[in-house]
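Chemist: curious how this folds, go ahead:
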Amino acid sequence: MKKLLILMLAAVLALSLAACGGGNDTPSGENPSTSSGSSGHTHTEEVLPAVEATCTESGLTEGKRCSECAEIIVAQETVAALGHTTDTGTCERCGQSLGIWQTAYYVDDFNQPTEDWYVVNNTQFIGTFSNSAVTDAALTADVVIDCEKDIAIFLYEYGRSPVKNASESYVDEYSITMRTEDGADHNMTGTLYCGGDRIYIDDKYIDEVLTALQGEGKVLFRIVNAERTVESYLLPVITSNFADEYAAVTEN
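Modeler: The predicted structure follows:
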């Protein structure tokens with residue numbers, strides 16, 4: 001009986017030592033692992049290469065991980081996509097042709113979009129203008145073609161001053177020559193109505209202009225005030241993606 005009691009005490013002591021780590025040979029205060037990670041070993045670093053961001057895709061910074069356990073040592077961070085940059089319809093960074101025409105919609109009295117669409121350039125065309133005071137001064141312009149088949153040209157002298165008709169009773173008539181990519185000149189007329197801020201291509205020339213814009217290359221417009229012939233505007237219009245944009249909206 002006495003011997004059995006001694007054996008039982010010895011067993012309890014052994015279990016107690018095991019529970020409190022008494023069987024560990026590592027001296028008190030020392031770490032049994034030299035690893036700085038959580039996997040219990042010394043990491044072997046592997047570089048995760050950076051991924052360069054593009055115009056449309058995000059990138060990543062350089063990172064590091066352990067080649068043995070795959071634990072991330074230095075996390076990679078996301079670099080935002082750079083976005084396209086263009087003044088001509090072709091991205092200067094990646095060379096992609098983006099087009100300079102887009103479809104938009106007129107809004108109602110509540111500033112809500114209607115079904116009435118128009119196709120317009122999203123980058124202003126750049127030309128020149130001349131009058132009695134200046135020659136070949138800076139000009140910018142917008143061209144709008146809408147669901148009613150109206151074609152309107154907005155002209156901005158010096159890039160900021162819109163050409164307007166301030167009269168309440170007289171329209172301004174313009175002589176317009178359109179030169180297409182093949183070198184052919186097309187003579188037509190346009191009207192700037194009373195109190196208006198845009199020159200409308202007169203109706204009988206609409207299809208002629210639409211055909212030119214749906215071609216390739218560049219269409220040149222020379223616009224001259226019929227009464228004040230010293231006022232003239234030279235405007236190159238890039239056709240770019242107009243044909244695709246116009247076809248998409250008219251076929252829907």
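Chemist: distance of Ala133 relative to Leu82?
Modeler: 43 Å (Cβ to Cβ, to the nearest Å). Where C-beta positions appear, they are placed from N, C-alpha and C, glycine not excepted.
Chemist: which one of these two has more residues nearby?
Modeler: Leu82 (17 against 7; other Cβ atoms under 10 Å).
Chemist: quick check: Ala243 touching Gln214?
Modeler: Yes: between Ala243 and Gln214 there is a contact at 4.1 Å, judged by Cβ atoms under 8 Å.
Chemist: I figured Ser132 hits Val230, correct?
Modeler: Yes: Ser132 lies in contact with Val230 (Cβ under 8 Å); the separation is 4.9 Å.
Chemist: where does the chain have low pLDDT?
Modeler: Residue ranges of the chain with pLDDT under 70: 1-39, 86-89, 96-98, 252.
Chemist: per-domain residue ranges of it.
Modeler: The chain breaks down into these domains under automatic domain parsing: 43-83, 101-251.
Chemist: now the terminal residues of the last one, how far apart.
Modeler: Which is domain 101-251. 17 Å (Cα to Cα, to the nearest Å).
Chemist: repeat that for stretch 195-210.
Modeler: Taking Cα to Cα as the criterion, the two ends of stretch 195-210 lie 26 Å apart.
Chemist: for that stretch, buried residues please.
Modeler: For stretch 195-210, the buried set under the neighbour-count rule, 16 or more other Cβ atoms under 10 Å, comprises 196, 198-201, 205-206, 209-210.
Chemist: can I get those residues in a markdown table with secondary structure?
Modeler: Converted to a markdown table, those look like this (DSSP: H, G, I helix; E, B strand; the rest coil):
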| residue | secondary structure |
| --- | --- |
| Gly196 | coil |
| Arg198 | coil |
| Ile199 | strand |
| Tyr200 | strand |
| Ile201 | strand |
| Tyr205 | helix |
| Ile206 | helix |
| Val209 | helix |
| Leu210 | helix |
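Chemist: most widely separated two among the residues you listed?
Modeler: Gly196 and Leu210 (21.5 Å; Cβ to Cβ).
Chemist: returning to that earlier point: Arg93: which of the domains of the chain is closest?
Modeler: Minimum separation from Arg93 across the domains of the chain (Cβ to Cβ) falls at domain 43-83, 5.6 Å.
Chemist: span of the closest one from start to end?
Modeler: Per Cα to Cα, the first residue of domain 43-83 is 38 Å away from its last.
Chemist: repeat for stretch 170-184
Modeler: Terminal residues of stretch 170-184 are spaced 32 Å apart (Cα to Cα).
Chemist: contacts for it?
Modeler: 165, 185-194, 199, 201, 205, 208-209, 212, 215-227 (Cβ atoms under 8 Å, 6 or more residues apart in numbering).
Chemist: narrow those residues to those in helices?
Modeler: Residues of the contacts of stretch 170-184 located in helices (DSSP state H): 208-209, 212.
Chemist: tell me the one of the residues you listed nearest Glu148?
Modeler: When those are compared against Glu148 (criterion: Cβ to Cβ), the nearest one is Val209, at 14.3 Å.
Chemist: ok, that closest one touching Ile151?
Modeler: Yes: Val209 is within contact range of Ile151, at 5.6 Å (criterion: Cβ under 8 Å).
Chemist: spit out the residues that contact those two alike.
Modeler: Common neighbours of Val209 and Ile151 (Cβ under 8 Å, 6+ apart) are Ile201.
Chemist: for the stretch 51-200 of the chain, what spans make up the strands?
Modeler: Ranges of strands within the stretch 51-200 of the chain are 59-60, 63-66, 72-74, 78-79, 101-107, 113-121, 125-130, 137-146, 151-157, 161-162, 172-179, 185-192, 199-201, based on DSSP state E, counting those that start in this stretch.
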